[in-house]
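> I need the structure of the sequence given here:
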Amino acid sequence: MDVEAAWARVLSDPRDPEPHRRFLEAAMRGEKLALAASRYGKLAKDLPDIELVRKQLDHVVALMGFAIQGPRPPRRDGSPLTGTKLLLGAFVLAGFVLAAFAAIVAWQR
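Numbers count the residues shown, from 1 in each chain. Now for the predicted structure:
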């Protein structure tokens, strides 16, 4: 179902939750959450006594917030090579290189 047809069904019976659900599904599929927010904003002003319309507006705004944030990168807690471990490893490696260099210089004398 396209967004316009779904919205027409919402307008035909704004108290029925099923057309609202279908409209939001169509809006999410079509990436038209801004349109949905605009439509629900106007409808909430026109029909302030219908709580379902206000709830749907809040729901659309929340969905838009999640869409703006995007997926979060995976957490790296517990990964084998954290920043501290890498830095410590670099210092240990540098120490071995300096010790090897000092041994070579001492051996050549």
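
> so L52 sits against P19, correct?
No - here L52 does not reach P19: they are 10.3 Å apart, not a contact under CB atoms under 8 Å. From N, CA and C alone the C-beta is placed, and that goes for glycine too.

> looking at the two, which is more packed in?
Comparing L52 with P19 by neighbour count (other CB atoms under 10 Å), the higher total belongs to P19, at 19 against 14.

> can you pull the contacts of the closest residue to that one other than its chain neighbours?
Among residues not flanking P19 along the chain, R9 sits closest, at 4.0 Å (CB to CB, 6 or more residues apart in numbering). R9 sits next to P19, R22, F23 when contact means CB atoms under 8 Å, 6 or more residues apart in numbering.

> just these: which are in strands?
Judged by DSSP state E, the contacts of R9 include no members of strands.

> let's have the residues you listed in a markdown table, adding distance to L87.
As requested, the contacts of R9 are exported to a markdown table (distance: CB to CB, whole Å):
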| residue | distance to L87 |
| --- | --- |
| P19 | 58 |
| R22 | 54 |
| F23 | 53 |
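
> what about the helix or strand where G65 lies, average pLDDT?
Element membership for G65, per DSSP states H and E: helix 51-69. Helix 51-69 shows a mean pLDDT of 85.
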